Structures are given as structure tokens and as C-alpha cells.
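Enquirer: below is the structure, and that's it, no one-letter string:
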């Protein structure tokens, strides 16, 4: 199943809505390109909405980690929104739940970026 | 292999598409064998990770090398073999992805996931000189080791 990606602005936070699987190959590459394009556009506060992502393999996990560290290097923040059970369990298993900021509510997630980011 | 074992094997090209193909094939067998949704997910993920490992680390993405996938369905369990044509590796040399210093690594979680999702897991030297991953999952109670919907046949069946 191909990954679909759209994004929208919420103040200075970019919400990236993902749908499908984040797996080895084109899907992971699409996520990588999306993050790179956003950073090139100086949009470094990114909220990844994973509500419609029901499957991530180790390559997809690697891509999320790469996005997280890449955004951080640019002085921004990458956070996760609305994990499905499988993705939630996978992040817990790999201890990445302790690394990512994860939110179940978009408003709360947006506010967590801070006043400057959501103004 | 005993007479009650069903055997299926396929040789895959060293390409990304082989990962999905292997996952789909194993999922069909697992579903037919009676595994539930959660176990099918774990088996499918483990097969993906095994083939990704062979594709990327074992065969180093070289298209002249092959990936050999085999399934054995016994009355007790489903056994999956993934064999590459690389140089082999020692499990003890694989870094722990849960170690603090590796948490932000962008790779190295495949072996960990296979170990976590399957009941048995080992890596042995393969006949090709590469690594052979062997992993298994116990059939659920009332499972069906005869994947065609019948009980396990007394005649070994080999497909390729």
C-alpha cells in the first residue's frame, strides 16, 4: 500500500498527514523527501499525523528517527500525533516512545510547540 | 523434514519488491494455517525484516545475488528460513538497538524485531556461505498445518 502525504499549516507548525504504510522503498523515500522539502522551506516545526498509518517496518522507524534528528539539527521539533495501536506498540517495544513527543490531540500537540510556533 | 511437514520455497531477486512479495506469501500461509491477526502481523513483519536483512546487509543490494526463502509448516509450528548469499554474520556482533547510545540510530532494529515477534530465532551459517535466519511461530490451538484447508498430509509436498 502506497504512502500518501499531504501537509497543511497551523501557525508556524506544519502538520503532515500520512496515510498508508511507512516501509522500505518508495514509502520511506517519500517521507524523507517530504521532510527535506519542509526543511528547505524553513518549516522546522513539524507534527506528523500518523492516525492513518497502520504499519511501519524497521526502515520506516529509521526514517522517523532520521526525520527527528534532522529537524532537531535545524533548531526545530518533530512530534507525533495519533498513533495507531500497532505503531504505538512498535515505538514502545523499540523504546522510541521515550524519544518522541507523542500526542493524541492535535490542539494539545500544536500548543506544545510553544506560543511562538502557533502564533 | 518429517512426513507431516509442508514445505514451500522460493528464490527471490535482490530487490526491494522481494520484501513485499515474501511478506505476502508468508501471510497467506500463516492465515491458512490458522494464525490470528496479531500473529499474522508478527510473522509478516519478521519475514519483511529477514528479507530486508538479506537484501541490504547480506547481499549488499547486489542484483547478481539471490535471497532464498523457505517455509516449513509442521503440525506444531511454522518455520521460516531466509538465506542470503553474503558473508554471514555473528549475532553477538549486532548492536543492541535499545542501548541508550543506539536509540537514535537509523538502522539496526530488524534482528531485534524478529526476536521479539517470533517464538524461536537463530542465525546459522548457510549453504551459500551467507547467513541463514531460522525463525518459528507455534501454531495456535486448533491451527491447520494443512494449508489447503485439509489436515496435514502424510505426503510431503514441495512447491517452488
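Expert: Received the coordinates, thanks. From a predicted model like this one, the values you see are computed outputs, not experimental measurements.
Enquirer: where along chain A do the strands fall?
Expert: In chain A, the segments counted as strands under DSSP state E are A:4-10, A:13-22, A:45-56, A:77-81, A:102-103.
Enquirer: tell me where the model's unsure across the chain.
Expert: You didn't pick a chain, so chain A it is. A:115-119 (pLDDT under 70).
Enquirer: the intended chain is chain B.
Expert: B:1-3, B:146-160.
Enquirer: now render the strands of chain A as CSV, adding distance to chain B and mean neighbour count.
Expert: All C-beta atoms are positioned from the backbone trio N, CA, C, and that covers glycine. Formatted as CSV, these follow (distance: least, CB to the nearest CB, whole Å; neighbours: other CB atoms under 10 Å in any protein chain shown):
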stretch, distance to chain B, mean neighbour count
strand A:4-10, 17, 14
strand A:13-22, 10, 20
strand A:45-56, 8, 22
strand A:77-81, 12, 21
strand A:102-103, 15, 19
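Enquirer: of the ones you listed, which is nearest residue B:74?
Expert: strand A:45-56 (28.2 Å; CB to CB).
Enquirer: just grab the bridge partners of the residue positioned nearest the centre of chain A for me.
Expert: By CA atoms, centre = their mean, chain A has its centre lying nearest to residue A:48, at 2.9 Å. Using DSSP bridges, the beta-bridge partners of residue A:48 come out as residue A:16, residue A:80.
Enquirer: was I right about it contacting residue A:13?
Expert: No: here residue A:48 lies out of contact with residue A:13, judged by CB atoms under 8 Å, at a distance of 11.1 Å.
Enquirer: common neighbours of these two, please.
Expert: Contact criterion CB atoms under 8 Å, 6 or more residues apart in numbering or on different chains; residues shared by residue A:48 and residue A:13: none found.
Enquirer: residue A:47 and residue A:9 touch, don't they?
Expert: No: counting by CB under 8 Å, residue A:47 stays clear of residue A:9, with 10.8 Å between them.
Enquirer: now the common contact residues for these two.
Expert: With CB under 8 Å, 6+ apart as the test, residue A:47 and residue A:9 both reach residue A:15.
Enquirer: columns distance to residue A:96 on top of the strands of chain A, output as JSON lines?
Expert: Shown next, in JSON lines, are the strands of chain A (distance: least, CB to CB, whole Å):
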{"stretch": "strand A:4-10", "distance to residue A:96": "21"}
{"stretch": "strand A:13-22", "distance to residue A:96": "13"}
{"stretch": "strand A:45-56", "distance to residue A:96": "10"}
{"stretch": "strand A:77-81", "distance to residue A:96": "9"}
{"stretch": "strand A:102-103", "distance to residue A:96": "9"}
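Enquirer: ok, now which ones touch residue 34?
Expert: Assuming you mean chain A. Here residue A:34 is in contact with A:5, A:7, A:16 (CB under 8 Å, 6+ apart).
Enquirer: try again with chain B
Expert: B:139, B:140, B:142, B:143, B:144.
Enquirer: now, of those residues, which are buried?
Expert: B:139, B:143, B:144 (16 or more other CB atoms under 10 Å in any protein chain shown).
Enquirer: out of those, which are close to chain A?
Expert: Subset of these in contact with chain A: empty, counting by CB under 8 Å from any CB of the partner chain.
Enquirer: of the residues you listed, closest to residue B:93?
Expert: Among those, residue B:139 lies closest to residue B:93 (CB to CB), at 32.6 Å.
Enquirer: measure that closest one to residue B:4 for me?
Expert: 12 Å (CB to CB, to the nearest Å).
Enquirer: now what about stretch B:119-133, what contacts it?
Expert: B:50, B:53-54, B:58-59, B:68, B:77, B:80-91, B:114-115, B:134-138.
Enquirer: which stretches of chain B form strands?
Expert: Going by DSSP E, chain B shows strands at B:6-13, B:66-73, B:77-83, B:120-125, B:131-138, B:157-159.
Enquirer: residues in contact with residue A:91?
Expert: So residue A:91 contacts A:61, A:83, A:97, A:100, A:102 (CB under 8 Å, 6+ apart).
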